[in-house]
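Undergrad: Need coordinates for the below:
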Amino acid sequence: MPTSEKSQRTVVIGAGQAGFEFCAKLRALGDHGPITLIGEEDHPPYQRPPLSKAYLLGKMQLERLFLRPRSFFEEQGITLKLGTRCREIDRASKTVTISDGTVLPYDRLVFATGARPVQLPDKMGGALKQVHYVRTLADADAMVMDFQAGKHVFIVGGGYIGLEAAAVALDLGMNVTLVEAGPRILGRVAATETSDFFRELHVNRGVKIFEGVQLTKLIGENGNLTGAELSDGRQIDIDVAVVGIGVTPNQDLADAAGLEIENGIKVDAFCRTSDPDIYALGDCASFPMGKARIRMESVGNAIDQAQAAASVFAGTMRPYRAKPWFWSDQYDVKLQIIGLSTGYDRVVTRGGPSAPVSFWYFAETRLIAVDAINDPRAYMVAKRLIEHGKMVDPDRVADIETDLKSLLKQDN
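TA: Numbers count the residues shown, from 1 in each chain. Just a heads-up that it's a prediction; the model follows:
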């Protein structure tokens with residue numbers, strides 16, 4: 001945007017990683033206009049990944065979760081509206097009405113509303129006490145109260161959230177049972193090879209894993225959780241449940257305002273919604289990537305997309321090009337993922353059978369993603385290969401004698 005427009009009023013809805021990163025980057029780029037950051041929680045923006053790991057284990061104190069102290073926002077002239085819900089957006093008058101009745105005018109509006117966990121319906125026991133979801137600080141604090149040694153925790157969903165919760169629970173001395181409705185854990189996000197690795201890792205530690213089995217309902221007495229009933233007829237006595245069966249983008253407010261919705265708030269390559277003065281980023285936004293449209297739920301995307309959107313606000317009209325990366329910590333194992341494996345037709349294994357090992361995904365002859373397990377070298381080399389579109393010989397990848405760095409020197 002032209003320099004003369006840098007005093008425009010910016011309102012950001014959502015004080016998570018994406019909302020914070022956008023505000024901080026916009027200030028760093030020299031924008032001096034009023035910025036208001038609205039968050040439903042009482043806490044200033046904080047990291048979410050440690051909630052299900054270090055924080056739950058008691059290895060990270062609350063203060064270390066915060067992305068910046070409150071003084072940062074005062075120094076940067078960013079007005080925090082915490083513990084506040086947005087009730088309505090009036091695009092005609094360009095105002096946002098918040099839960100205390102205050103009407104905030106904006107010149108530019110940003111949705112960074114994130115996503116919320118899919119919850120079990122009440123008829124399946126979703127309203128029972130001791131049933132937990134992992135998304136907010138309040139969720140983690142509630143879990144701390146119930147995650148006690150000797151208790152039996154039942155985990156619904158064999159994705160990364162469920163597996164991370166299983167690892168933490170086992171480290172705390174709990175008995176752990178995990179059920180996955182699909183034929184295998186990680187079935188929607190990883191190849192069989194990665195699923196097999198993590199199944200063996202957890203089973204060898206003592207986690208009971210049931211695949212291809214659905215939860216019929218959670219059972220309770222006087223509102224308290226007591227058991228689980230499975231589709232194979234099995235009934236299990238349990239004390240705690242963690243549900244990790246996916247998330248839903250927080251798009252309701254945008255939908256009510258008449259913005260285009262497509263598996264999230266639909267944006268173009270510059271993070272703009274169907275209203276040119278309203279942007280969306282992070283978990284709530286679906287954006288074009290190649291010939292597809294995707295919505296990416298990751299800290300990496302929240303940071304990168306927020307910075308890209310802030311640059312557009314500051315006048316750099318460069319389209320956002322996602323560079324997908326993810327990670328998961330389970331016990332003493334770190335999984336690092338680069339790229340998106342959608343559409344792969346071949347997986348090459350390097351190393352193993354125990355960590356360090358990496359799984360390389362190919363679509364025909366093109367390397368599209370890598371799962372690196374306790375193998376940072378493989379991750380870093382794969383990152384450069386994928387980002388630069390270099391051709392890779394799968395046979396050389398599989399040969400443990402191949403120096404990974406030599407792959408970077410291959411001619412395309």
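
Undergrad: so how far does stretch 366-381 reach from one end to the other?
TA: Across stretch 366-381, the terminal residues are separated by 15 Å (C-alpha to C-alpha, to the nearest Å).

Undergrad: How about stretch 73-86?
TA: Taking C-alpha to C-alpha as the criterion, the two ends of stretch 73-86 lie 20 Å apart.

Undergrad: And stretch 398-405, by the same measure?
TA: Stretch 398-405 has an end-to-end distance of 14 Å (C-alpha to C-alpha).

Undergrad: avg pLDDT for it?
TA: pLDDT averaged over stretch 398-405 equals 91, rounded to a whole number.

Undergrad: Helices of the stretch 101-250 of the chain, residue ranges please.
TA: According to DSSP state H, counting those that start in this stretch, the stretch 101-250 of the chain carries its helices in the segments 137-146, 160-171, 192-205.

Undergrad: actually the stretch 251-400 of the chain, not the one I wrote
TA: Residue ranges of the helices in the stretch 251-400 of the chain, as given by DSSP H, counting those that start in this stretch, are 252-256, 299-313, 376-387, 394-398.

Undergrad: which one of these lies closest to residue 173?
TA: Distance to residue 173, taken as C-beta to C-beta, is lowest for helix 299-313 among the helices of the stretch 251-400 of the chain, at 29.0 Å. To be clear about C-beta, it is placed using only N, CA and C from the backbone, and glycine gets the same treatment.

Undergrad: I'd guessed residue 173 sits against residue 149; true?
TA: Yes: between residue 173 and residue 149 there is a contact under C-beta atoms under 8 Å: 3.2 Å.

Undergrad: what stretches of the stretch 301-412 of the chain score poorly on pLDDT?
TA: Along the stretch 301-412 of the chain, the parts satisfying pLDDT under 70 run over 410-412.

Undergrad: Of all the helices of the stretch 251-400 of the chain, which one is nearest residue 31?
TA: helix 299-313 (6.6 Å).

Undergrad: Tell me who's in contact with the closest residue to residue 109 other than its chain neighbours.
TA: Here the nearest residue to residue 109 in space, its sequence neighbours aside, is residue 278; by C-beta to C-beta, 6 or more residues apart in numbering that works out to 4.6 Å. In this structure, residue 278 makes contact with 91, 108, 109, 110, 111, 254, 257, 259, 272, judged by C-beta atoms under 8 Å, 6 or more residues apart in numbering.

Undergrad: Between the residues you listed, identify the one with the most neighbours.
TA: Using other C-beta atoms under 10 Å as the neighbour definition, the contacts of residue 278 reach their maximum at residue 111, which records 31 neighbours.

Undergrad: Now for the nearest residue to that residue once chain neighbours are set aside, how many residues are close by?
TA: Once flanking residues are discounted, residue 111 sits nearest to residue 280: 4.0 Å by C-beta to C-beta, 6+ apart. Other residues near residue 280 number 29, with proximity taken as other C-beta under 10 Å.

Undergrad: Was I right to think residue 280 contacts residue 271?
TA: Yes: using C-beta under 8 Å, residue 280 and residue 271 qualify as a contacting pair, with a distance of 6.6 Å.

Undergrad: quick revisit: right, and the helices of the stretch 101-250 of the chain - which one's nearest residue 11?
TA: helix 137-146 (23.4 Å).
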